[in-house]
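Participant: Need coordinates for the following:
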Amino acid sequence: MRGDLSERWTTRVEVAEAGLAERATNEALMLQDEIAGLIGAGSSSPPLLATVDPNPLAHRAADFQKTLIVGNRLPAYFRWLLRLGPAAIVIASFFILSLAAVFLNNSELIESGLLRVGGIVLGITAVFFGLLLFAAFIFLNQKLSGAEIRSSEEVK
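Facilitator: Sure, this is the predicted structure:
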């Protein structure tokens, strides 16, 4: 699973990182232009600056901040996504062991209440952690796809 994920996402993450860096640069330049237009080029008179309303900059600054946050978190999300493969192997192994334990008990090859209960508990635990792993997979894919989309969007 790690190999497939790595092949599928490595190039996409690299392109998204470059796109987010470019987007952040463009947003910073646009924010700088809006600030310069708002306070006036070369105007440093404190009484005049006190009358300037900075609220029009809030949306642009929030977009810039969001782009920086997405760009900073992208490598960590990718690393976590790659760690899901080995965890899935462990969880699947425990689930197979639980099935084997319950099968051995139900087929009366080995008569043991402890084997049956242990198999059931192990199976339920494996299913629970498997569902958590699946939810993490969906979450991380969504975050990576969202970063990819944000990196390719045009700055408004």
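Participant: How far away from the center of its chain is the longest helix seen in the chain?
Facilitator: Looking only at the chain and at elements set by DSSP state H, the helix with the highest residue count is helix 58-106. Between the centre of helix 58-106 and the centre of its chain there are 9 Å (C-alpha atoms, centre = their mean, to the nearest Å).
Participant: Equivalent analysis for stretch 7-23, please.
Facilitator: In terms of C-alpha atoms, centre = their mean, the centre of stretch 7-23 is found 13 Å from the chain centre.
Participant: Give me the contacts around it.
Facilitator: Contacting residues not belonging to stretch 7-23 are listed as 67, 70-71, 74-75, 78, 81, 144, 147-148, 150-153, 155 [C-beta atoms under 8 Å, 6 or more residues apart in numbering]. Bear in mind the C-beta positions are built from the backbone N, C-alpha and C, glycine included.
Participant: of these, buried ones?
Facilitator: In the contacts of stretch 7-23, burial by neighbour count holds for 67, 70-71, 74, 78, 81, 144, 147-148, 150-151, counting by 16 or more other C-beta atoms under 10 Å.
Participant: Most widely separated two among those?
Facilitator: 67 and 81 (20.7 Å; C-beta to C-beta).
Participant: Tell me how far residue 83 lies from residue 139.
Facilitator: Summarising the geometry, the distance separating residue 83 from residue 139, computed by C-beta to C-beta, to the nearest Å, is 13 Å.
Participant: next SSE after the longest helix of the chain?
Facilitator: Helices and strands here follow DSSP states H and E; after helix 58-106, the next one along the chain is helix 113-152.
Participant: what angle do that next one and helix 58-106 make?
Facilitator: Note on geometry: by axes from the mean of the first three to the mean of the last three C-alpha atoms, to 10 degrees, helix 113-152 and helix 58-106 are set 160 degrees apart in direction.
Participant: List the buried residues in helix 113-152.
Facilitator: Buried residues in helix 113-152, defined by neighbour count with 16+ other C-beta under 10 Å: 115-116, 118-119, 122-123, 126, 129-130, 133, 137, 140, 143-144, 147-148, 150-151.
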